[in-house]
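K.L.:
Give the three-dimensional model of this entry:
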Amino acid sequence: MKRLKRSDIISPLVIGEIIAIISIVVLRYSPIFNSSVPPAVLSASFLFPFVFPIISLIGVYVSKLISVKIPVFFQFAKFVLVGASNTFVDLGILNILMLISEIFAGTIYSFFKGFSFICSIVNSYFWNKFWTFEKKETKVGIGEFGKFALVAGIGFLLNIGIASFIVNLIGPQFGISEEIWANIGAFIAILCVFMWNFLGYKIFVFKK
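P.N.:
The predicted structure follows:
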């Protein structure tokens with residue numbers, strides 16, 4: 001089996017660090033999570049910047065081993081890790097906006113969700129282009145960007161539509177608070193567009 005390339009070592013470490021930092025900020029400063037997360041987790045959060053990058057790197061290495069039998073698994077694992085960073089960027093920015101404004105539903109929530117999703121898409125583009133799908137070109141071509149925008153745009157509509165439907169139309173269920181339900185709606189929306197994004201980027205945008 002080939003060794004991990006330098007980019008396959010550095011990238012998961014950086015992504016793990018990004019996830020760790022966002023996790024600490026949200027857990028410690030957002031009242032939405034600060035009041036519901038066990039104190040032990042909050043106390044242990046100082047370990048996140050050390051633990052998350054290591055876990056990310058181990059995951060990439062294990063996927064490299066598995067890819068000997070299933071070649072596409074390594075690429076998919078990288079996409080999953082990038083997707084995890086997108087999720088934390090999305091939810092992190094969303095929670096910061098809700099924390100500042102104290103708005104957790106309605107039209108403004110949909111705008112917040114749209115902005116946080118756009119930020120996660122920018123993060124997704126660069127990681128997937130240069131690491132997951134290993135495109136050599138450093139320039140952003142008009143044709144490639146147009147395809148990316150199309151896939152991302154459909155994903156955007158699905159993401160916002162699903163999250164808004166769950167939060168604004170269905171509303172909190174099972175006694176769950178409005179704040180937690182807003183995050184549940186966002187997370188379900190992320191999961192729903194995950195496979196759409198992978199197939200769209202692989203087959204349509206970054207195909208070799």
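
K.L.:
Show me the helices in the protein, by range?
P.N.:
6-29, 31-34, 39-44, 48-66, 72-101, 106-127, 142-164, 178-199 (DSSP state H).

K.L.:
so where's the protein shaky on pLDDT?
P.N.:
1-2, 31-36, 137-142, 208 (pLDDT under 70).

K.L.:
ok, 50 please
P.N.:
For the chain, no stretch has pLDDT under 50.

K.L.:
right, so the helices of the chain: which one is the most enclosed?
P.N.:
Compared across the helices of the chain, helix 72-101 shows the largest average neighbour count, a mean of 20 (mean count of other Cβ atoms under 10 Å). Any C-beta I mention is one placed from the backbone N, CA and C, and that applies to glycine too.

K.L.:
name the helices or strands packed onto it?
P.N.:
Judged by 3 or more Cβ pairs under 8 Å, 6 or more residues apart in numbering; DSSP states H and E, helix 72-101 is in contact with helix 6-29, helix 31-34, helix 48-66, helix 106-127, helix 178-199.

K.L.:
In a markdown table, list those along with distance to K207.
P.N.:
Listed next are the helices and strands packed on helix 72-101 as a markdown table, based on distance: least, Cβ to Cβ, whole Å:
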| stretch | distance to K207 |
| --- | --- |
| helix 6-29 | 20 |
| helix 31-34 | 39 |
| helix 48-66 | 21 |
| helix 106-127 | 15 |
| helix 178-199 | 11 |
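
K.L.:
Of all those helices, which one is nearest G153?
P.N.:
Closest to G153 of the helices and strands packed on helix 72-101, according to Cβ to Cβ: helix 106-127, at 9.3 Å.

K.L.:
what's the closest of the helices and strands packed on helix 72-101 to F79?
P.N.:
With Cβ to Cβ as the yardstick, what comes closest out of the helices and strands packed on helix 72-101 is helix 178-199 (5.3 Å).
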